[in-house]
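*Asks:* I'd like to go over a predicted model; first the sequence, then the structure.
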Amino acid sequence: MDMQKQAQRRPQARQARPPEGCLVVAIRIPVRISVFLVVLPVRLLWDACTAAARFLGRYVLAPAARFLWRHVLAPTGHAIGWILRRLLVLPLIRLYRHLLTPLGHALLWLHARVLTPIGHALLWLLTPVATAVARVFDRLATALAWTARVLLVLPARALWRWILTPVGRVLGIVLRETGDALGHAWRAAGYVARAAGRVLATLFRWIFQKPARWVYRTVLTPVGHVVRDLVLRPAAQAARAVGHAVGQARADLRRALFGEPVPPTAAHRRPPPGTRGPRRTYS
């Protein structure tokens, strides 16, 4: 949708521009070609960095930032705010309320009652001297203005009209075309980058993913089943049979050398001396 809106806006912008001359066309084509060749690797690198930054931001930086904000920054901010309020804000409020406000009222009273009458008296006494000084400064300002107009304003106006304006017009055309070329090159490089990404993904799928899946399904899985049925299970059964035979042989050897084992019998336990046995009852 954004690309369609941009494509609809470009013809309107081009129609709004004044008719362009040969100089603009001669500058536009080489500038766009050179800018495209410069911007293409930058756009490829930008897209790769954007994808990596999006992955890092989603799976690494965002959880770390949430943990840092919840367990470090927020408690630290609350503690700093409490300290600043206790050590700075409340003392400043008290200073303003108990010192600056009375001092300001005193200064206002001094200005209204003392300084203003003194100023009016001095103005009444200095009026003729001020008039003479104003005339002198007026003549001096007129002379300085005429000198500045002759030495600065007229040369600056000529420099602006005959040199800076044409050069600025040419530089404006170059900068405008360079900006348009950068925009076109950036969009074209984006198309090239997306196409290259799709081609690489398709090649990776056809070269690595599908052959590996085919090998796993058609070769490794049957081979694994054959190895399990023909090798591992018989080997396990043989190992169990060998273990059973070894245990039987050991038992036979022990029986031949030491005879049959004596079954355990219940030993007669006598009560310790000093204790009575169970009482017998006679009927």
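*Replies:* Structure received. Residues are numbered from 1 along each chain as shown.

*Asks:* Next, the buried residues of stretch 179-189.
*Replies:* By neighbour count with 16 or more other Cβ atoms under 10 Å, stretch 179-189 contains the buried residues 180-182, 184-186, 189. (Each C-beta comes from the backbone N, C-alpha and C, glycine too.)

*Asks:* To clarify, my last question referred to stretch 103-113.
*Replies:* Under the neighbour-count criterion of 16+ other Cβ under 10 Å, stretch 103-113 has nothing buried.

*Asks:* any idea how far it is from the chain center?
*Replies:* Relative to its chain's centre, stretch 103-113 lies at 55 Å (Cα atoms, centre = their mean, to the nearest Å).

*Asks:* i'd like the first residue to be 10 from this point on
*Replies:* I'll keep to 10 as the first residue from here, and by that count the last item is stretch 112-122.

*Asks:* Alpha carbons of that stretch, as CSV, please.
*Replies:* Below are the C-alpha coordinates for stretch 112-122, written out as CSV (Å, rounded to 0.1, in the frame of the first residue of the first chain):
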residue,chain,number,x,y,z
LEU,A,112,13.4,39.5,50.3
GLY,A,113,11.5,40.0,47.1
HIS,A,114,8.8,42.0,48.9
ALA,A,115,11.5,44.1,50.5
LEU,A,116,13.1,44.8,47.1
LEU,A,117,9.7,45.8,45.6
TRP,A,118,9.1,48.2,48.4
LEU,A,119,12.7,49.7,48.0
HIS,A,120,12.1,50.1,44.2
ALA,A,121,8.7,51.7,44.7
ARG,A,122,9.5,53.9,47.6
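
*Asks:* Just send the buried residues of stretch 188-198 back as JSON lines, with secondary structure, pLDDT and distance to residue 210 too.
*Replies:* Compiled in JSON lines, the buried residues of stretch 188-198 are given as follows (DSSP: H, G, I helix; E, B strand; the rest coil; pLDDT from 0 to 100; distance: Cβ to Cβ, whole Å):
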{"residue": "189", "secondary structure": "helix", "pLDDT": "86", "distance to residue 210": "32"}
{"residue": "190", "secondary structure": "helix", "pLDDT": "82", "distance to residue 210": "30"}
{"residue": "191", "secondary structure": "helix", "pLDDT": "84", "distance to residue 210": "28"}
{"residue": "193", "secondary structure": "helix", "pLDDT": "84", "distance to residue 210": "26"}
{"residue": "194", "secondary structure": "helix", "pLDDT": "82", "distance to residue 210": "24"}
{"residue": "195", "secondary structure": "helix", "pLDDT": "85", "distance to residue 210": "22"}
{"residue": "198", "secondary structure": "helix", "pLDDT": "83", "distance to residue 210": "18"}
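
*Asks:* Now tabulate the residues you listed in TSV and tack on distance to residue 256.
*Replies:* Output for these, formatted as TSV (distance: Cβ to Cβ, whole Å):
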residue	distance to residue 256
189	90
190	87
191	84
193	85
194	82
195	79
198	76
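
*Asks:* Identify, from those, the entry nearest to residue 54.
*Replies:* For those, the residue nearest residue 54 by Cβ to Cβ is residue 198; the value is 10.2 Å.

*Asks:* surely that closest one meets residue 44?
*Replies:* No: applying Cβ atoms under 8 Å, one finds residue 198 not in contact with residue 44, separated by 10.0 Å.

*Asks:* can you tell me the helix or strand for residue 99?
*Replies:* Counting by DSSP states H and E, the element that carries residue 99 is helix 99-104.

*Asks:* Run through the neighbouring helices and strands of that helix.
*Replies:* With contacts defined as 3 or more Cβ pairs under 8 Å, 6 or more residues apart in numbering; DSSP states H and E, helix 99-104 has no helix or strand neighbours.
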